[in-house]
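Undergrad: Build me a model from this:
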Amino acid sequence: MLPKEFINYSKKFKFGFLVTSHRGYPLIEFVNFKVKLEDITINNGQLKEGKACLVLANERYSENSIMANILGDLIKDRLHYTLTPSKVFWTNSFSMNGYPKEIINRWTKK
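TA: Numbers count the residues shown, from 1 in each chain. Okay, the predicted model is just below:
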């Protein structure tokens, strides 16, 4: 079951990247998804069932980017796929302007 805060957070993303493995190599598919409390519905793609990671991210990576990773098991249902999550990680936006100057100076000197 996913945290309710994550469901609201996931609404910031219009699409995701689903990562699966085939013969030891990662396969990455651009997918449309819908997050629910119990699982995540994926509406497109020719995907491989098994362990998977759905990555939600901004169109481009930047200092203020936000993202999420949902690890779980991917199974095919008749018309779509279902990702049953086992672990979820997400971040809030980050900005150097929000940190004290002493910390920024310490980071940039290393």
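
Undergrad: Using CSV, list the CA coordinates for the helix or strand hosting Asn69.
TA: Secondary structure from DSSP states H and E places Asn69 in strand 67-76. In CSV, the C-alpha atoms belonging to strand 67-76 read as follows (Å, rounded to 0.1, in the frame of the first residue of the first chain):
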residue,chain,number,x,y,z
MET,A,67,11.8,12.6,-8.8
ALA,A,68,10.5,9.3,-7.4
ASN,A,69,11.4,5.6,-7.8
ILE,A,70,8.8,2.8,-7.2
LEU,A,71,10.2,-0.7,-7.0
GLY,A,72,8.0,-3.7,-7.3
ASP,A,73,6.6,-6.6,-9.4
LEU,A,74,5.1,-6.0,-12.8
ILE,A,75,2.3,-8.2,-14.0
LYS,A,76,0.2,-8.1,-17.2
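
Undergrad: helices or strands up against that strand?
TA: helix 4-10, strand 40-42, strand 50-57, strand 81-90 (3 or more CB pairs under 8 Å, 6 or more residues apart in numbering; DSSP states H and E). No exception for glycine: its C-beta is placed from N, CA and C like everyone else's.

Undergrad: Just the buried residues of the last one, please?
TA: By neighbour count with 16 or more other CB atoms under 10 Å, strand 81-90 contains the buried residues 81-83, 85, 88, 90.

Undergrad: wouldn't Cys53 be in contact with Asp73 here?
TA: No. Proximity of Cys53 to Asp73 does not meet the contact threshold set by CB atoms under 8 Å, at 10.9 Å.

Undergrad: Overlap of the contact sets of these two?
TA: Both Cys53 and Asp73 lack any common contact, where contact means CB atoms under 8 Å, 6 or more residues apart in numbering.

Undergrad: Who has more neighbours out of those two?
TA: Each of Cys53 and Asp73 has its neighbours counted (other CB atoms under 10 Å); Cys53 has more, 20 against 14.

Undergrad: how about the more buried one, what does it touch?
TA: 18-19, 69-72.
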